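Novice: turn this into a structure:
(2 chains)
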There are 2 protein chains.
Amino acid sequence: MRLSELEQTSGVPAATIKYYLREGLLHPGRTVSARLSEYDHSHVQRLRLLRVLREVGDVPVSRLQLLARAVEDERPVHSLLGATSDVLAPPPPPDDGGRADSRELADRVVEAAGWRLRPGTPDMENLAAALERFEQLNGHPLPIDLLTPYVKAADGIAQHEISALDTSAGRGQLLAQMVVGQVLFGHLLAILRRLAEEHHSGERFGRPQE
Amino acid sequence: MRLSELEQTSGVPAATIKYYLREGLLHPGRTVSARLSEYDHSHVQRLRLLRVLREVGDVPVSRLQLLARAVEDERPVHSLLGATSDVLAPPPPPDDGGRADSRELADRVVEAAGWRLRPGTPDMENLAAALERFEQLNGHPLPIDLLTPYVKAADGIAQHEISALDTSAGRGQLLAQMVVGQVLFGHLLAILRRLAEEHHSGERFGRPQE
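Specialist: I've put the predicted structure just below:
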């Protein structure tokens, strides 16, 4: 297909497609003539993925490039998922100097969960920052038991997600699965949690029409 | 305490505190003289809450005002939580005209979950939009079974959260609990899920040092 058709099929404007081509986020089409390229389904797929990342994941272009590079090099699957997490994890807020205790608490949460993580994984700092925030709000550290239902839910979902990954389809497809899993299903989980809270609030406090 | 001390204790700059006072997001202090007000712990608490909403929840000031108003009127607790959700739920992306089937699927998800929701709750449209996004990416609608682990996890967490709300502490405190629950624990859940994915990815695909 030509650029105009690619634009229509993917829902991504031609100017953005050209930008992604320049930035190396989208692989070039097959050259037909000096001014004409032919695109295929793989371009449509990649554009839709980029759209989810931009619109749902709120991931800036500079970080998308890290992801695109991760597909192309030869690192093992576990590192590929690590690279995905690193790109999708929000950058941790700066430490004002009071995060040491929260880092220790974060370590204890992960130890209690039985999780083995890469050294320096950025989400550990995000976890510490969130625990620090809790302490600032409440005047005391988060009792570790309060996190147990969240740890258990996260563990169950993650185990399900990782076991559902289909590794037979090539690295590009695998990365797409990981990204969709992390971004779109993370988004779905957040929505479902708010809906479930509304339901259980109605159950506990009563609904207006009752 | 004076404004300068409030600034130091809450970590919110004086200019921002004045802005929140002007916009009605922060209740006025006790007037000492024409140019001097006295603030107390309730101001520190509110400022920390606003900080979480702005920094973690990414909630714009215009929506914070809706929340502040919800504390002050007399609506029942269930509606207060609804108001909180409505403010914290992201505005649904515009419908390009192809969302009807996804809306039907969203209804079926909620029905299967057994959740009773307010008519027109904005997260139903967010759910439909996310399901539509899945279909655009994958070329087929999301098989409803794939959502089951997420629905169960969301339901379990929400039930726990709603039962843990302490209603004895007044509406302002209750709203703070709801907001911290939705924003900070939602944030924690997202981090824990990424950490758990990293762990289970290592378990399935092996770690570099092994």
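
Novice: now residue A:37. Its backbone dihedrals?
Specialist: Dihedral pair for residue A:37: phi -120, psi 160, per degrees, to the nearest 10.

Novice: could you check how far it is from residue A:21?
Specialist: According to C-beta to C-beta, to the nearest Å, residue A:37 and residue A:21 sit 9 Å apart. For glycine as for every other residue, the C-beta is placed from the backbone atoms N, C-alpha and C.

Novice: likewise residue A:149?
Specialist: Taken as C-beta to C-beta, the span from residue A:149 to residue A:21 is 46 Å.

Novice: give me the contacts around the one helix or strand in chain A whose mean pLDDT sits lowest.
Specialist: Sorting the helices and strands of chain A by mean pLDDT, DSSP states H and E puts helix A:61-72 at the bottom, at a mean of 75. Under the criterion C-beta atoms under 8 Å, 6 or more residues apart in numbering or on different chains, residues A:23-25, A:50, A:53-54, A:59, A:80, A:83-84, A:86-87, A:171-172, A:175, A:179 lie in contact with helix A:61-72.

Novice: whichever of these end up buried, select them in ChimeraX.
Specialist: In ChimeraX, a selection of the buried entries from the contacts of helix A:61-72 looks like this (16 or more other C-beta atoms under 10 Å in any protein chain shown):
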select /A:25,50,53,59,80,83,84,86,87,171,172,175,179
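
Novice: cross the contacts of helix A:61-72 against helices and list the overlap.
Specialist: With helices taken from DSSP state H, the overlap with the contacts of helix A:61-72 comprises A:50, A:53, A:54, A:80, A:83, A:84, A:86, A:87, A:171, A:172, A:175, A:179.

Novice: so how far is residue A:55 from residue A:39?
Specialist: 21 Å.

Novice: likewise for residue A:44?
Specialist: 16 Å.

Novice: got it, and residue A:100?
Specialist: Distance from residue A:100 to residue A:55, by C-beta to C-beta: 37 Å.

Novice: what ranges do the strands span in chain A?
Specialist: Using DSSP state E, the strands of chain A run over A:30-33, A:36-38.

Novice: where along chain A do the helices fall?
Specialist: A:3-10, A:14-22, A:41-55, A:61-72, A:77-88, A:100-113, A:122-138, A:148-164, A:171-179, A:185-205.

Novice: if you compare the ones you listed, which one is most tucked away?
Specialist: Highest mean neighbour count of those: helix A:185-205, a mean of 23 (counted as mean count of other C-beta atoms under 10 Å in any protein chain shown).

Novice: what helices or strands is that helix leaning on?
Specialist: Counting contacts by 3 or more C-beta pairs under 8 Å, 6 or more residues apart in numbering or on different chains; DSSP states H and E, helix A:185-205 packs against helix B:77-88, helix B:100-113, helix B:122-138, helix B:144-164, helix B:185-205.

Novice: just to revisit the earlier point, for residue B:7, find the nearest of the helices of chain A.
Specialist: Nearest of these to residue B:7, taken as C-beta to C-beta: helix A:122-138 at 14.7 Å.

Novice: that older thread, hey, least reliable of the helices and strands packed on helix A:185-205 by pLDDT?
Specialist: For those, mean pLDDT drops lowest on helix B:77-88, to a mean of 77.

Novice: residues in contact with that one?
Specialist: Against helix B:77-88 from outside (C-beta under 8 Å, 6+ apart): A:194, A:197-198, A:201-202, A:205-208, B:57, B:59, B:63-64, B:66-67, B:70-71, B:75, B:118, B:121-123, B:162, B:167, B:171, B:174-175, B:178-179, B:182-183.

Novice: now do stretch A:6-14
Specialist: Here stretch A:6-14 has contacts from A:1, A:3-4, A:17, A:20, A:39, A:43-44, A:47-48, A:50-51, B:96, B:136, using C-beta under 8 Å, 6+ apart.

Novice: and stretch A:119-133, by the same measure?
Specialist: By C-beta under 8 Å, 6+ apart, stretch A:119-133 touches A:82, A:85-86, A:89-93, A:95, A:98-99, A:102-103, A:105-107, A:109-110, A:117, A:141-142, B:52, B:56, B:184, B:187-188, B:191-192, B:194-195, B:198.

Novice: this completes my enquiry, with thanks.
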